[in-house]
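Asks: sequence first, then the predicted structure:
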Amino acid sequence: QVQLVESGGGLVQAGGSLRLSCAASGRTFSSYAMGWFRQAPGKEREFVSAISRGGSGTYYTDSVKGRFTISRDNAKNTVYLQMNSLKPEDTAVYYCAASEVFTATRPTAYRYWGQGTQVTVSS
């Protein structure tokens, strides 16, 4: 079993940056592809980015390409999401999740979830 804890959210002005972290417990972190999702009020949870087990493969939804960067440090059991050039429409609760499938974009494909961290971007 993997437990995930996100941190790094907050309030930032449009154009600013934040780095989210997701710390995982357990010895099997490197066995899972990791993903970031977000959910804005009244909207469905949406895929943001994913990274392969070893970190060599990454995948992004179109709306964040060129602005967000996902990375992981398997020695520290941590996955990161660097968010630059933030926009008000990026405001949401951000969740990290673990999956056996690197290319999965559906929330149902992810087995373990963190509790989420709020990101608010003011205009």
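Replies: Nice, thanks for sending it over. Because the structure is a prediction, the values reported are computed rather than measured.

Asks: only C-alpha atoms for contact and neighbour calcs from this point on.
Replies: Noted.

Asks: other SSEs contacting the one helix or strand Gly35 maps to?
Replies: Secondary structure from DSSP states H and E places Gly35 in strand 33-39. If you count contacts as 3 or more C-alpha pairs under 8 Å, 6 or more residues apart in numbering; DSSP states H and E, strand 33-39 packs onto strand 46-51, strand 92-99.

Asks: which SSE is immediately downstream of the first one?
Replies: Past strand 46-51, heading to the C-terminal end, the next element that is a helix or strand (DSSP H and E) is strand 58-60.

Asks: partners of that following strand in the sheet?
Replies: Partners of strand 58-60 in the sheet, by DSSP bridges, are strand 46-51 (antiparallel).

Asks: identify the residues contacting the residue nearest to Ser7 when sequence neighbours are not counted.
Replies: Closest residue in space to Ser7, ignoring its immediate chain neighbours: Ser21 at 5.3 Å, by C-alpha to C-alpha, 6 or more residues apart in numbering. Counting by C-alpha atoms under 8 Å, 6 or more residues apart in numbering, Ser21 touches Glu6, Ser7, Gly8, Thr78, Val79, Tyr80, Leu81.

Asks: which one of the residues you listed is nearest Gly42?
Replies: Within the contacts of Ser21, distances to Gly42 taken as C-alpha to C-alpha reach their minimum at Glu6, with 21.6 Å.

Asks: can you count the residues close to the closest residue to Thr78 other than its chain neighbours?
Replies: Leaving aside its chain neighbours, Thr78 sits nearest to Ala23 (4.5 Å; criterion: C-alpha to C-alpha, 6+ apart). Using other C-alpha atoms under 10 Å, Ala23 has 20 other residues around it.

Asks: next: Ala75.
Replies: 8.

Asks: next one: Ser123
Replies: Ser123 has 11 neighbours, counted by other C-alpha under 10 Å.

Asks: now do the buried residues in stretch 106-123.
Replies: Neighbour-count burial for stretch 106-123, counted by 16 or more other C-alpha atoms under 10 Å, picks out Pro107, Tyr110, Tyr112, Trp113, Gly114, Gly116, Thr117, Gln118, Val119, Thr120, Val121, Ser122.
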